[in-house]
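Participant: could you work out the structure for the sequence below:
(2 chains)
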Amino acid sequence: MDPELVVAAQGGDRDAFAILARASGDRLFGIARRILRDHERAEDAVQNALVIAWRELPRLRDPDRFEAWLTRLLVNDCYEDYRRTRRHDAHVRTLPVDAPVGPDETQRVLDRDQLDRGFGRLQPDQRAVLVLRHYLGLDPVEIARTLDIPEGTVRSRLHYAYRAMRAAIEADLRPATDEGGSA
Amino acid sequence: MIGNMDIERELDRWLAPGDDVLPARAMDAALARIDMTPQRRARTVPPRRTDPMTLLRLAAAAALIALVTAGLFVAGGGPRQDDASPSTPASLPARAPVATPSLLSSPASPSPAGPTPTPIWTSPPLSERYTSKSVGYAMPVPTGYTGEPARGEWNYYAPTDDSSPWLEHMWSPDHLVTITARSASLGRAMTTDEWLAVFLDSPNAPYSSDDCKVAPVWDTIPVGSASGRYYHEPCGLLWAVVADGDRGYVFTMNFNVYDTPYLSDPFVAAFKEMLAGTELTPPSAPT
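Facilitator: Model (predicted):
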């Protein structure tokens, strides 16, 4: 991300901001789509994050941190979306995540379905750290800097997210699974 | 089986970057919203503390400059008209909101020298009715609004923020408009003006920033069959306060565009229309 563009956008240059927004759009959409597991809500989250970024950009002190800052705004909007919609939308229509298909097609499809259900039962803050870890490939230190939370909190969330995933998948594998109680 | 596998490796595969492309219409809509959104400027850095000696030096320098300037003025007989340099700062190029068919009814390019710009946003017809059991009202709204009901009784002496459980939210589909509603039991029947006085004495009264310090004027406005009070907070929210028996209500609208008349007027009109059609009813189940 070009810091000069960020500085120009901080000064009110909307064209500079449009370049930054277009450069980040797909990445932000990928993050939001994985956290929210819904196309339309992910689009809304990206839009909201970009509008907030534009509005608050003059307050960003370090232009080099623009990308991480924008990611944080998006993740926060995903939390907000979750808070807004969970009350009205107990059974959210979820989308499978497109991932490269491995050699064992049958087993892989089964596993993806299990992963999808397990992931759907996580809290949004747990989903967020998993997405930043496994989609963006950030390590816990980078996740902590991106989300502006302590590194220990990131490690704790990752730990509980993995454990919750395992528990959900193991429960899913048992016969006569109880399908109630979504996240 | 997945239960014994390395779950991190599986997540690496499952969450790996794929074909994630943000639809162009979504990006265009975001940029259109940005075109109507002002930037919030950083707060001014407080002046550094200066030691007394530096202040004395500065004062002496200023006095010297003033003396020299006055001397030159007297010697030269005052300024000549053709020497006058422009005193207005260079203005940034104005940029008109970008029109998108989904958002804007008639694109306009506001220009100081041009014709009066036409409104760029129109509220859709109020075709639905949002009924709130927790706050106690029914308000007409355009199609597509979503809401989050209040989850608690409002104590109007406690400060309110966006996450306060007594604050009910409604959002327009384009997120340009946020409406909030709250109500509180007043302990006795009050008129709207009595309730307004109580409200203005609470920490929930409209905030006046240093940039927009104007004495609030609360106009009369119909809220259904009741008479309420309305205030357009400069650079801020639209407020409506009304009492119905022993219950006090506060409604706000926040619109995410510049607060200048040609942009904000349609939002003001929409808010007033919603209020006029609002029916106040006691909450069916006080929370």
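Participant: which helix or strand lies directly C-terminal to the lowest-mean-pLDDT helix or strand in chain A?
Facilitator: Least confident helix or strand of chain A, by mean pLDDT, DSSP states H and E, is helix A:105-120 with a mean of 68. Per DSSP states H and E, helix A:105-120 leads on to helix A:124-134 as the next helix or strand towards the C-terminus.
Participant: touching chain B at all, that following helix?
Facilitator: Yes - residues of helix A:124-134 contacting chain B under C-beta under 8 Å from any C-beta of the partner chain: A:130-131, A:133-134. C-betas here are computed from N, CA, C, even on glycine.
Participant: and A:W54, which of the three is it?
Facilitator: Put simply, A:W54 is helix when judged by DSSP: H, G, I helix; E, B strand; the rest coil.
Participant: how about B:P216: what's its closest non-neighbour residue?
Facilitator: Counting by C-beta to C-beta, 6 or more residues apart in numbering or on different chains, B:P216 lies nearest to B:Y231, which is 5.3 Å off, once chain neighbours are set aside.
Participant: and the one you found, what element?
Facilitator: Per DSSP H and E, B:Y231 falls inside strand B:226-232.
Participant: sketch out the low-pLDDT regions of chain B for me.
Facilitator: B:1-5, B:41-121, B:162, B:207-215, B:234-236, B:256-259, B:285-287 (pLDDT under 70).
Participant: hey, where'd the helices end up in it?
Facilitator: Along chain B, the stretches classed as helices by DSSP state H are B:7-14, B:24-35, B:52-76, B:192-200, B:261-276.
Participant: and the second one, does that touch chain A?
Facilitator: Yes - judged by C-beta under 8 Å from any C-beta, helix B:24-35 comes into contact with chain A at B:26-27, B:29-31, B:33-35.
Participant: quick check: can you list the domain ranges of chain A?
Facilitator: Per automatic domain parsing, the structural domains of chain A span A:1-95, A:99-183.
Participant: pipe the ones you listed into a markdown table and attach mean neighbour count per row.
Facilitator: Converted to a markdown table, these look like this (neighbours: other C-beta atoms under 10 Å in any protein chain shown):
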| stretch | mean neighbour count |
| --- | --- |
| domain A:1-95 | 19 |
| domain A:99-183 | 16 |
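Participant: averaging pLDDT over each of those domains, which comes out lowest?
Facilitator: The stretch with the lowest mean pLDDT among the domains of chain A is domain A:99-183, at a mean of 75.
Participant: sorry, back to before: of the domains of chain A, which is nearest B:A138?
Facilitator: With C-beta to C-beta as the criterion, B:A138 lies closest to domain A:1-95 of the domains of chain A, at 18.0 Å.
Participant: does the closest one reach chain B?
Facilitator: Yes - residues of domain A:1-95 contacting chain B under C-beta under 8 Å from any C-beta: A:12, A:14, A:17-18, A:21-22, A:25-30, A:33-34, A:43-44, A:46-48, A:50-51, A:54-59, A:83-84, A:87-88.
Participant: in chain A, which spans are helices?
Facilitator: A:3-10, A:14-36, A:39-56, A:66-86, A:105-120, A:124-134, A:140-147, A:151-173.
Participant: orientation of the second one relative to helix A:39-56 in degrees?
Facilitator: Regarding helix A:14-36 and helix A:39-56, their directions subtend 140 degrees when assessed with axes from the mean of the first three to the mean of the last three C-alpha atoms, to 10 degrees.
Participant: could you name the helices and strands sitting against helix A:14-36?
Facilitator: helix A:3-10, helix A:39-56, helix A:66-86, helix A:124-134, helix B:24-35 (3 or more C-beta pairs under 8 Å, 6 or more residues apart in numbering or on different chains; DSSP states H and E).
Participant: quick one, that helix and helix A:66-86 angle?
Facilitator: Using the same axes, to 10 degrees: helix A:14-36 against helix A:66-86 is 50 degrees.
Participant: find the nearest non-adjacent residue to the residue in the stretch 51-200 of chain B that chain A sits nearest to, please.
Facilitator: As assessed by C-beta to the nearest C-beta, chain A sits closest to B:E148 within the stretch 51-200 of chain B, at 5.6 Å. Of all residues not flanking B:E148 in the chain, B:H169 sits nearest, at 4.7 Å (C-beta to C-beta, 6+ apart).
Participant: where's the one you found relative to B:A269, distance?
Facilitator: According to C-beta to C-beta, to the nearest Å, B:H169 and B:A269 sit 21 Å apart.
Participant: before we move on, what about A:R127?
Facilitator: Separation of A:R127 from B:A269 (C-beta to C-beta): 41 Å.
Participant: next one: B:F255
Facilitator: 11 Å.
Participant: more neighbours: which of the two?
Facilitator: Neighbour count, other C-beta atoms under 10 Å in any protein chain shown: between B:F255 and B:A269, B:F255 has more, with 22 against 13.
Participant: pretty sure the more buried one sits against B:F267.
Facilitator: Yes - B:F255 is within contact range of B:F267, at 4.0 Å (criterion: C-beta atoms under 8 Å).
Participant: anything in contact with each of those two?
Facilitator: Both B:F255 and B:F267 are contacted by B:177, B:238, under the criterion C-beta atoms under 8 Å, 6 or more residues apart in numbering or on different chains.
Participant: and the strands in chain B?
Facilitator: B:128-132, B:137-141, B:146-148, B:168-171, B:177-185, B:219-223, B:226-232, B:238-244, B:247-255, B:279-280 (DSSP state E).
Participant: give me the contact list for the fourth one.
Facilitator: To tie it back to what came earlier, the one meant is strand B:168-171. Against strand B:168-171 from outside (C-beta under 8 Å, 6+ apart): A:84, B:130, B:132, B:134-135, B:139, B:141, B:145-150, B:162, B:177-182.
Participant: flag every buried residue along that strand.
Facilitator: B:168-171 (16 or more other C-beta atoms under 10 Å in any protein chain shown).
Participant: which two from these end up farthest apart in space?
Facilitator: With distances taken as C-beta to C-beta, the most widely separated pair in the buried residues of strand B:168-171 is B:E168 and B:W171, at 11.3 Å.
Participant: tell me the one of the residues of helix A:124-134 next to chain B nearest B:M274?
Facilitator: Nearest to B:M274 among the residues of helix A:124-134 next to chain B: A:V131, at 38.4 Å, using C-beta to C-beta.
Participant: contacting residues for that closest one?
Facilitator: Applying C-beta under 8 Å, 6+ apart to A:V131 gives the contacts A:31, A:34-35, B:15.
Participant: name the nearest of those relative to B:L263.
Facilitator: Nearest to B:L263 among those, counting by C-beta to C-beta, is A:I31 at 32.0 Å.
Participant: residues contacting the closest one?
Facilitator: A:71, A:74-75, A:78, A:131-132, A:135-136.
Participant: closest to A:L158 among those residues?
Facilitator: So of these, ranked by how close each gets to A:L158 (C-beta to C-beta), first place is A:L132, at 9.7 Å.
Participant: relative to A:A45, how far out is the closest one?
Facilitator: Applying C-beta to C-beta to A:L132 and A:A45 gives a distance of 15 Å.
Participant: picking up where we left off before, buried members of the contacts of strand B:168-171 into ChimeraX, please.
Facilitator: A single ChimeraX command selects the buried members of the contacts of strand B:168-171 (16+ other C-beta under 10 Å):
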select /A:84 /B:130,132,134,135,139,141,145,146,147,148,149,150,177,178,179,180,181,182
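Participant: B:E8 and A:H134: what is the separation?
Facilitator: 8 Å.
Participant: skip the chain neighbours and tell me the closest residue to A:A68.
Facilitator: Distance criterion C-beta to C-beta, 6+ apart; nearest residue to A:A68, sequence neighbours excluded, is A:T146 at 4.4 Å.
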